[in-house]
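Participant: Sequence first, then the predicted structure, then my questions.
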Amino acid sequence: MRSLRSIAGVTCAVLASGEVCPAGNPGGPAAHPLHRAPVVGAAVDLGAVAVGAKVARTSDWRMVSANMDFWHGTHPRWGYCGVLDADFQNAYLPDLLQQLGGGLWRIGGSPADFVLYDMREPGDTSPSMCSAANVNKTHKVPGQSYFCPNWDQAGGSYCLTLARWKEMNEFATKAGMKMALDLNACWDRANAASHPADGLKMVASLVNATAKGAAEGWAAVWAFEYGNELYSSGVHGDVYGGDMVALKKVVDVAWDTYAPGKAKPVLVGPDNGAGYMSANYAAQILNVSQGAMTALTYHEYSGEKCGVPEGMVYNLSCFEATHQSAVDLYLKAADAAGAELWLGEGAQHGSSGVLGVTNTFTSTFYYMSTLGWLARNRVTNMCRQTIIGGEYELINKTTTQPNPDFYALVMWSQLMGADVYDAALPGCTSEACRASVRVYAHARHGAPAGAGAPNVTLLVINFSTETDYTVAAAPGGTAYVRQLTGDTASDAVYLNGALLRYGGVGKFPDLQAAAVPAGKVAVPKASVTFITFD
């Protein structure tokens with residue numbers, strides 16, 4: 001049992017024995033037994049992948065985005081991994097995140113609308129925004145008719161100081177990432193039909209400090225979000241849209257005043273749960289916001305709705321139907337407003353994840369197929385929940401060993417470009433194949449524009465736990481294969497049959513491809529395969 005006491009220098013948690021076990025102890029044991037990679041037996045040949053025309057383009061982040069929350073260490077499943085408590089001086093986290101080659105770090109989650117901002121400079125003796133009186137305002141008063149958000153779930157006090165805000169920005173820069181910060185949209189909001197009573201005074205204090213940081217060279221903010229799942233508070237769509245217009249003005253004035261000529265952060269939102277936000281509500285927000293929003297964002301945890309059929313890692317058709325319902329609801333409104341559509345927070349399961357599922361190789365099938373499906377269907381970014389914290393974390397909070405999803409994301413970042421092409425397997429005609437095999441094609445990251453080998457990366461995912469397949473490599477050329485396999489219930493994963501383990505700072509494993517001469521590429525049961533060409 002882990003202790004939940006905070007110790008200086010500990011990134012996330014300590015053991016009950018008192019032994020420090022921070023996010024920074026590579027070489028610790030895996031949470032599940034290690035297993036040998038499967039060996040392909042007799043396989044069904046699916047022929048060559050047919051790559052067609054360009055059909056979509058992701059955001060410039062190329063789907064390489066992941067989150068951290070504000071949760072305090074008092075939350076039993078987060079272990080001091082929220083951004084207010086995590087040790088950003090730890091060397092392991094930036095070393096790992098640098099492997100992504102740049103990405104978007106979103107900071108938000110359920111406590112976002114409870115966070116107060118104390119942006120006083122050293123020597124400023126004015127009253128703190130994080131006073132006891134103001135903290136009390138972030139919690140529901142018995143008998144009070146309205147509270148934003150409607151449920152008082154965060155607990156405790158959440159105070160973001162200027163010193164901590166600088167530290168977070170400096171960490172992002174060290175990790176090679178940019179930031180998207182979810183701002184408190186509930187402070188001083190008297191009811192669902194009103195704007196914040198004191199305007200955006202508290203939010204403006206943080207925006208102004210960030211603009212000054214941009215001029216001084218420490219700010220790493222690329223976007224501001226506004227509020228987390230405000231459907232629970234009933235905030236009217238036209239009110240939210242008006243708030244975004246006002247927030248855009250705050251950002252513009254701050255940058256024009258303190259950081260003229262520096263790139264201004266964009267605005268995204270409203271980060272409502274898919275299905276809880278109607279299409280009309282989304283359209284109203286975008287219409288009233290008058291172009292202030294770069295992206296319409298929603299949350300989705302589709303694994304909570306889908307069972308697991310026999311012989312499959314997942315119910316793939318259920319996942320895709322869940323994704324499709326969100327696209328059907330929101331893409332038309334986003335298109336009409338000239339905005340992108342983002343999955344702003346997502347994982348296989350919500351509510352901090354499911355130990356033994358969302359931190360294992362099982363989750364990699366959800367994650368990679370979701371990235372491929374969303375990009376193909378014009379959802380231009382996905383912010384994965386989370387980098388560290390909860391049970392859906394990409395990096396184990398006590399050992400700093402990457403979970404399988406992190407290795408997959410690194411390969412995605414290295415290989416998958418922004419341009420998305422139509423892709424199909426004409427030989428995948430059986431019902432079993434159509435239910436279990438997916439193929440996606442992107443321009444190879446860094447390659448010249450144009451579809452087809454050698455300028456394309458294929459992602460082939462076999463969800464079947466019973467059937468092996470093969471696909472044809474490019475005729476006359478060499479295929480370069482990076483294939484992830486392993487026990488789906490384990491947090492250990494193999495690349496081309498070799499166990500992947502992080503050895504500490506500067507010792508990230510080599511994700512080298514295996515060269516396959518012209519011929520067939522094996523796609524074994526329960527595998528995720530990236531294929532490039534010479």
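Facilitator: Okay, I see it. Residues are numbered from 1 along each chain as shown.
Participant: make it CA atoms for all contacts and neighbour counts henceforth
Facilitator: Fine.
Participant: center of the chain, which residue is that?
Facilitator: Nearest to the geometric centre of the chain sits Arg384, at 1.9 Å (CA atoms, centre = their mean).
Participant: helix/strand/coil for the nearest residue to it once chain neighbours are set aside?
Facilitator: The shortest distance from Arg384 to any non-neighbouring residue, by CA to CA, 6 or more residues apart in numbering, is to Ala66 (4.3 Å). Put simply, Ala66 is strand when judged by DSSP: H, G, I helix; E, B strand; the rest coil.
Participant: so Ala66 sits right up against Ile388, yeah?
Facilitator: No - taking contacts as CA atoms under 8 Å, Ala66 lies outside contact range of Ile388: 9.4 Å.
Participant: Comparing those two, which shows the higher neighbour count?
Facilitator: In this view Ala66 and Ile388 are compared by other CA atoms under 10 Å, and Ile388 has more residues nearby, 29 against 24.
Participant: quick one, what contacts that one?
Facilitator: By CA atoms under 8 Å, 6 or more residues apart in numbering, Ile388 lies in contact with 68, 81, 394-397.
Participant: Could you work out the most separated pair of those residues?
Facilitator: Farthest apart among these by CA to CA are Met68 and Asn396. That separation is 13.4 Å.
Participant: so how far is His236 from the residue nearest to Arg384?
Facilitator: Distance, Ala66 to His236, by CA to CA, to the nearest Å: 28 Å.
Participant: Would you format the contacts of Ile388 as TSV with secondary structure and distance to Ala193 included?
Facilitator: Listed next are the contacts of Ile388 as TSV, based on DSSP: H, G, I helix; E, B strand; the rest coil; distance: CA to CA, whole Å:
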residue	secondary structure	distance to Ala193
Met68	strand	30
Cys81	coil	35
Leu394	coil	39
Ile395	strand	41
Asn396	coil	42
Lys397	coil	41
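Participant: so, if you compare those residues, which one comes nearest to Ser110?
Facilitator: Among these, Met68 lies closest to Ser110 (CA to CA), at 10.9 Å.
Participant: Leu499 is in contact with Val493, isn't it?
Facilitator: Yes - between Leu499 and Val493 there is a contact under CA under 8 Å: 6.0 Å.
Participant: okay, these two: which has more neighbours?
Facilitator: Shown here are Leu499 and Val493; by other CA under 10 Å, Val493 has more neighbours (29 against 17).
Participant: what about the residue nearest to Pro149 when sequence neighbours are not counted, neighbour count?
Facilitator: Distances taken as CA to CA, 6+ apart place Ser233 nearest to Pro149, at 5.0 Å, with adjacent residues excluded. Other residues near Ser233 come to 16 when the count uses other CA under 10 Å.
Participant: next one: the one 10 residues further on
Facilitator: The tally of other residues near Asp243 (other CA under 10 Å) stands at 22.
Participant: what do you get for Asn67?
Facilitator: By other CA under 10 Å, the residues close to Asn67 number 26.
Participant: Is it bridged to anything, and to what?
Facilitator: Note on Asn67: beta-bridge partners Arg106, judged by DSSP bridges.
Participant: Just list the residues touching it, thanks.
Facilitator: Asn67 neighbours (CA under 8 Å, 6+ apart): 105-108, 345, 383-387.
Participant: 6 Å instead?
Facilitator: Applying CA atoms under 6 Å, 6 or more residues apart in numbering to Asn67 gives the contacts 105-107, 384-387.
Participant: Name the surrounding residues that touch stretch 160-175.
Facilitator: The contact list for stretch 160-175 (CA under 6 Å, 6+ apart) reads 94, 97-98, 117-119, 219-220.
Participant: ok, which stretches of the stretch 151-300 of the chain are strands?
Facilitator: Taking DSSP state E, counting those that start in this stretch, the strands of the stretch 151-300 of the chain run over residues 158-161, 177-183, 221-226, 266-273, 293-300.
Participant: Looking at those strands, which is nearest to Arg57?
Facilitator: strand 293-300 (14.3 Å).
Participant: now the angle from that closest one to strand 221-226?
Facilitator: 60 degrees (axes from the mean of the first three to the mean of the last three CA atoms, to 10 degrees).
Participant: name the helices or strands packed onto strand 293-300?
Facilitator: Judged by 3 or more CA pairs under 6 Å, 6 or more residues apart in numbering; DSSP states H and E, strand 293-300 is in contact with strand 266-273, strand 340-346.
Participant: which parts of that strand are buried?
Facilitator: 293-300 (16 or more other CA atoms under 10 Å).
Participant: and if you look at stretch 321-329?
Facilitator: Neighbour-count burial for stretch 321-329 flags 322-323, 326-327, 329 (criterion: 16+ other CA under 10 Å).
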